[in-house]
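Trainee: here is the input, now give the coordinates:
(one chain, ligands or ions: 1)
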Amino acid sequence: MFNLNKITRKNIRNLKPYSSARDEFKGNAKIFLDANENAFGSLGGDDYNRYPDPLQLKLKKKIAKIKKVGAEQIFLGNGSDEVIDLLLRAFCNPGIDNVILMPPTYGMYKVAADTNDISSIEVPLNGDFDIDLENVLDVINEYTKLIFICSPNNPSGNRMNKVSIIRLLEYFHGIVIVDEAYIDYSDEKSLIDLLGTYANLVVIQTFSKARGMASLRVGIAFTNEKIINILNKIKPPYNINGLSQDKILEVLKRKTHFNDMVELVKDQRYKLSVELEKLSFTERVYPSQANFVLAKFTDAKKIYDYLAQ
Ligand SMILES: Cc1ncc(COP(=O)(O)O)c(C=O)c1O
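Mentor: Next up is the predicted model:
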């Protein structure tokens, strides 16, 4: 049985989080003296002299409406990269615990694990770039805390088998993280719908890809309130800056523009695949559910060097 308390690191369970008077104050006020800000204003104009909302409540409410989840099911990170790092730090004891990765996949899972001195057990994807379920089930041990699944996968572009993911959610006593950074380009639905069924599921998405806001650094974790409370305990208090919160709120109103951009990328993806197929040195172009295409060439190094030039 999945037991969140049991898999949370002891020092994190016992951690008394940083708190400021503003967390405790719930009204409207014109004067704030608790955070040693510049009370006379800001060189940047607006309200930039004030620290931003640490829990980004307005933004979460807006995202909740769009994604049809509760605002309390949302955690925001300084890019999904921060979410990945916080999950490792919350649940994996350095030098003791491990995580499962399925290469070829997004490189930051391993870098973040290595940085935290957490070992990665690598179970390569099968020949179709899908989860090698039997081998993953085989390598899980008592120190395995997290399984990272990237779907659509970077760099192969395909979605991972949902039945295999469900099997892992049911069998594994740790947390299954499904990184859906490229979900908006996919024909299949997000796994957010499974959140009510599985307490050990974390779905990651980001504003960096289809919504085109990589520079603002905002990633999202959708999960249950208990896991979110742990992430909130250990995140830097003001991890999403005020400019990013304001800008994303503004941009989320432009729904048509977003849909148009997604369709444009999907159209280009198709054209690129068709043109790549025609080249004499292309061995295979793989179907993609993302904003990139994986292709196999007769001499990959030559093509890489040519393109790099
Ligand atoms: C699968 C995947 N997850 C996460 C990220 C990072 O996203 P963010 O910009 O939100 O940190 C990337 C970026 O390339 C990615 O490919």
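
Trainee: so residue 281 touches residue 298, yeah?
Mentor: Yes - between residue 281 and residue 298 there is a contact at 4.6 Å, judged by CB atoms under 8 Å. Heads up, the C-betas are built off the backbone N, CA and C, glycines and all.

Trainee: give me the phi and psi for residue 293.
Mentor: Torsion angles at residue 293 (phi, psi; degrees, to the nearest 10) stand at phi -130, psi 130.

Trainee: what about residue 53, how many residues close to it?
Mentor: Using other CB atoms under 10 Å, residue 53 is surrounded by 15 other residues.

Trainee: likewise for the one 4 residues further on?
Mentor: Neighbour count of residue 57, defined by other CB under 10 Å: 12.

Trainee: who's in contact with it?
Mentor: Residues near residue 57 by CB atoms under 8 Å, 6 or more residues apart in numbering: residue 71.

Trainee: near the ligand, which residues of the stretch 101-250 of the chain show up?
Mentor: Selection of the stretch 101-250 of the chain residues close to the ligand by CB under 6 Å from any ligand atom yields 106, 150, 154, 179, 181, 206, 208, 214, 219.

Trainee: same list, those, but as CSV with secondary structure, neighbour count and pLDDT please.
Mentor: CSV is the format used below for these (DSSP: H, G, I helix; E, B strand; the rest coil; neighbours: other CB atoms under 10 Å; pLDDT from 0 to 100):
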residue, secondary structure, neighbour count, pLDDT
106, coil, 19, 98
150, strand, 25, 98
154, coil, 20, 98
179, strand, 27, 98
181, coil, 23, 98
206, strand, 24, 98
208, coil, 18, 97
214, helix, 12, 97
219, strand, 22, 98
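
Trainee: so how far is the ligand from residue 62?
Mentor: Counting by CB to the nearest ligand atom, to the nearest Å, the gap from residue 62 to the ligand is 18 Å.

Trainee: check which helix or strand that residue maps to.
Mentor: Assessed by DSSP states H and E, residue 62 sits inside helix 57-67.

Trainee: strands of the stretch 1-150 of the chain, start to end?
Mentor: 74-77, 98-101, 119-122, 144-150 (DSSP state E, counting those that start in this stretch).

Trainee: oh, that last question was meant for the stretch 201-309 of the chain, not what I typed.
Mentor: Ranges of strands within the stretch 201-309 of the chain are 201-206, 219-222, 282-285, 295-297, based on DSSP E, counting those that start in this stretch.

Trainee: the third one - what's its average pLDDT?
Mentor: Confidence over strand 282-285, taken as the mean pLDDT, stands at 96.

Trainee: residue 62 touches residue 252, doesn't it?
Mentor: Yes - Residue 62 is within contact range of residue 252, at 5.5 Å (criterion: CB under 8 Å).

Trainee: least trustworthy helix or strand in this structure by mean pLDDT?
Mentor: Lowest by mean pLDDT, DSSP states H and E among the helices and strands of the chain is helix 21-24, with a mean of 77.

Trainee: per-residue pLDDT of the residue in the stretch 51-200 of the chain positioned nearest to the ligand, please?
Mentor: Nearest residue of the stretch 51-200 of the chain to the ligand: residue 79, at 2.7 Å (CB to the nearest ligand atom). Residue 79 carries a pLDDT score of 98 in this model.

Trainee: check residue 43 too.
Mentor: The predicted local confidence for residue 43 is 88.

Trainee: and for residue 240?
Mentor: As summarised for this prediction, residue 240 has a pLDDT of 98.

Trainee: show me where the stretch 101-250 of the chain has helices.
Mentor: All helices of the stretch 101-250 of the chain, identified by DSSP state H, counting those that start in this stretch, fall at 108-115, 133-139, 162-171, 225-234, 242-251.

Trainee: can I get those in TSV with mean neighbour count and distance to residue 55?
Mentor: Formatted as TSV, the helices of the stretch 101-250 of the chain follow (neighbours: other CB atoms under 10 Å; distance: least, CB to CB, whole Å):
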stretch	mean neighbour count	distance to residue 55
helix 108-115	18	23
helix 133-139	14	35
helix 162-171	16	27
helix 225-234	17	7
helix 242-251	16	11
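
Trainee: before we move on, back to that, export the strands of the stretch 1-150 of the chain to TSV and tack on distance to residue 87?
Mentor: Shown next, in TSV, are those (distance: least, CB to CB, whole Å):
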stretch	distance to residue 87
strand 74-77	9
strand 98-101	9
strand 119-122	14
strand 144-150	6
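
Trainee: how about stretch 144-158: buried residues?
Mentor: 144-158 (16 or more other CB atoms under 10 Å).
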